[in-house]
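Undergrad: Turn this into a model:
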Amino acid sequence: MKKIELDIVALSHSVTQSHNYAVVLGELDGDRRLPIVIGGFEAQAIAVAMENMSPNRPLTHDLFKNTLDTFNVQLKEIIINNLLDGIFYAQLVCEMNGEIVKIDSRTSDAIAMSVRYGCPIYTFEFIMDAAGVHLDESESEKPLKSAKKVKGKSGSLSNYSLKALNKMLEDVLAEEDYEKAAKIRDEINKRSSE
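TA: Residues are numbered from 1 along each chain as shown. As a prediction, the model looks like this:
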């Protein structure tokens, strides 16, 4: 089966399921998007890696990466390889001692690992046919991996000074509230680029 390469386009609150998030993957060579509903902790793990944040203690995905690195296992790619009853399935494709090893994974965890390793994300045509949506021509999203930005409302953050935002960022990182930290970092970056 021919693999279709995807990139992370958006990470936002899920409109269909409250208290959940959606990671939207986009075809590199096409206009289809693959929205996947994920939990808050998984969204946080993806956002932390995309924002290059350094938590005080390693998150679970960082620990797993450190373990793989210690034992010289390289993550080559992830493949979203199945969709059954609305649930996506994925595999981590690793190389160990010259051999390819595939490890079953939740899709959200696989995506969090791909961000940490900078490895490609793939899926198959039958999954895009079943769950993919076409992007309207009026929409022009750019992949988040290159933009290093997570969509989120920063509304009330615009009322704070840059000094106050930096202090707030330190406080929420100390509390390990990475979702809020990502929003604060976005506001700081927005002001820096103005």
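Undergrad: What segments of the chain are strands?
TA: Using DSSP state E, the strands assigned to the chain run over residues 3-13, 21-27, 32-38, 73-84, 87-96, 99-106, 121-124, 133-134.
Undergrad: Which neighbouring elements make contact with the last one?
TA: Where contact means 3 or more C-beta pairs under 8 Å, 6 or more residues apart in numbering; DSSP states H and E, strand 133-134 is packed against strand 32-38. From N, CA and C alone the C-beta is placed, and that goes for glycine too.
Undergrad: ok, now which ones touch the residue nearest the centre of the chain?
TA: In the chain, the C-alpha nearest the mean C-alpha coordinate belongs to Ile46, at 3.8 Å (C-alpha atoms, centre = their mean). Residues in contact with Ile46 (C-beta atoms under 8 Å, 6 or more residues apart in numbering) are Ile8, Leu11, Val23, Ile38, Ser108, Ile111, Ala112, Val115.
Undergrad: Any regions of this protein where pLDDT drops low?
TA: 14-18, 136-156, 158-160, 174, 176, 194 (pLDDT under 70).
Undergrad: Got the domain ranges for it?
TA: Using automatic domain parsing, the domain parsing of the chain gives 3-151, 152-194.
Undergrad: Please go through the chain and pick out the longest helix.
TA: Determined from DSSP state H, the single longest helix within the chain is helix 178-193.
Undergrad: how much space is there between the residue nearest to the centre of the chain and Gln91?
TA: Per C-beta to C-beta, to the nearest Å, Ile46 is found 18 Å from Gln91.
Undergrad: What are the phi and psi values at Asn20?
TA: phi -120, psi 170 (degrees, to the nearest 10).
Undergrad: Contacts only, for it.
TA: By C-beta under 8 Å, 6+ apart, the contact set of Asn20 is His13, Ser14, Val37, Ile38, Gly39, Gly40.
Undergrad: Can you pick out the most distant pair from those residues?
TA: Using C-beta to C-beta, the pair of the contacts of Asn20 lying farthest apart is His13 and Gly39, separated by 12.0 Å.
Undergrad: Common neighbours of these two, please.
TA: Contacts common to His13 and Gly39, judged by C-beta under 8 Å, 6+ apart, are Asn20, Tyr21.
Undergrad: Bridged to Ile4, which residues?
TA: With DSSP bridges as the criterion, Ile4 is bridged to Thr123.
Undergrad: Can you give me the distance of it to Lys190?
TA: According to C-beta to C-beta, Ile4 and Lys190 sit 33 Å apart.
Undergrad: ok, Asn82 touching Gln91?
TA: No: counting by C-beta atoms under 8 Å, Asn82 stays clear of Gln91, with 9.1 Å between them.
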